[in-house]
Every structure is written in C-alpha cells, then in structure tokens.
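**Student:** need a structure here:
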Amino acid sequence: MIRLLADPLRAQIIALLADGPACTCHLVEDTGAKQPNISNHLRLLRDAGLVVAEPHGRFTYYRLVPEALETAAGHLTDLARRARARSDAPRKC
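**Tutor:** Presented below is the predicted three-dimensional model:
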C-alpha cells in the first residue's frame, strides 16, 4: 500500500477523493492527467481496496475507503512505536 501511495498521481487522486466521490472525468480535469492514465491508477487503487467504484447512471464514481487508510496508518504507527521503544537497544553481532 505504501508503494501505491508513493506515486504522486495516485497520492493526488487519493487526496481528491478524500473530499468526496468523483468520476473519472472529474479526476482528469482536476489532475490534468490523461483518462487512460487515471483509469489505470484507479484500477490499482481498487485492487488494493483503497477505493470502490459506484455506478451512477452513465457514470462511475470512485469513493475512498477510509478504513483501508486507517489500517495502513495504524500499521505505520505501530512500526514507529516499536522503533522508538527499541532505538537504544541494537542487536548483538
């Protein structure tokens, strides 16, 4: 998931979807990226469980899954806590 979010365009898409669901045409307009590129990134984000697609008439809107981000944030927080607790205890060689 970290690798997915490290891509600048995917991070921008996630930030835009944090403000509410949007269709591909909105994301193309907001990012300036080409439609096939946006669609490819949305597919990867859907496959990772970060966004869901919801049909609305002729359009498909994409919605962020906050629980997926919270799970990732919790994992990173746990790693930081472990690193902080063990920062002065190096392993013996």
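**Student:** okay, now residue 60: neighbour count?
**Tutor:** When neighbours are defined as other CB atoms under 10 Å, residue 60 has 14 of them. The way it works is simple: take the backbone N, C-alpha and C, and place the C-beta from them, glycine included.
**Student:** Without its sequence neighbours, what residue ends up closest to it?
**Tutor:** residue 53 (5.1 Å; CB to CB, 6 or more residues apart in numbering).
**Student:** Also residue 26?
**Tutor:** residue 16 (7.7 Å).
**Student:** Surely that neighbour touches residue 30?
**Tutor:** Yes - the pair residue 16 and residue 30 qualifies as a contact (CB atoms under 8 Å) at a distance of 5.5 Å.
**Student:** Would you check how far apart residue 40 and residue 19 are?
**Tutor:** 22 Å (CB to CB, to the nearest Å).
**Student:** who's more crowded, these two?
**Tutor:** Of the pair residue 40 and residue 19, residue 40 is the one with more neighbours under other CB under 10 Å, namely 14 against 9.
**Student:** picking that back up, quickly find the element holding the residue nearest to residue 26.
**Tutor:** helix 8-18 (DSSP states H and E).
**Student:** Buried ones in the worst-scoring helix or strand of the chain on mean pLDDT, by neighbour count?
**Tutor:** When the helices and strands of the chain are compared on mean pLDDT, DSSP states H and E, helix 2-6 comes out lowest with a mean of 85. For helix 2-6, the neighbour count (16 or more other CB atoms under 10 Å) marks 4-5 as buried.
**Student:** right, and residue 72 touches residue 4 too?
**Tutor:** No - assessed by CB under 8 Å, residue 72 is found out of contact with residue 4, at 9.5 Å.
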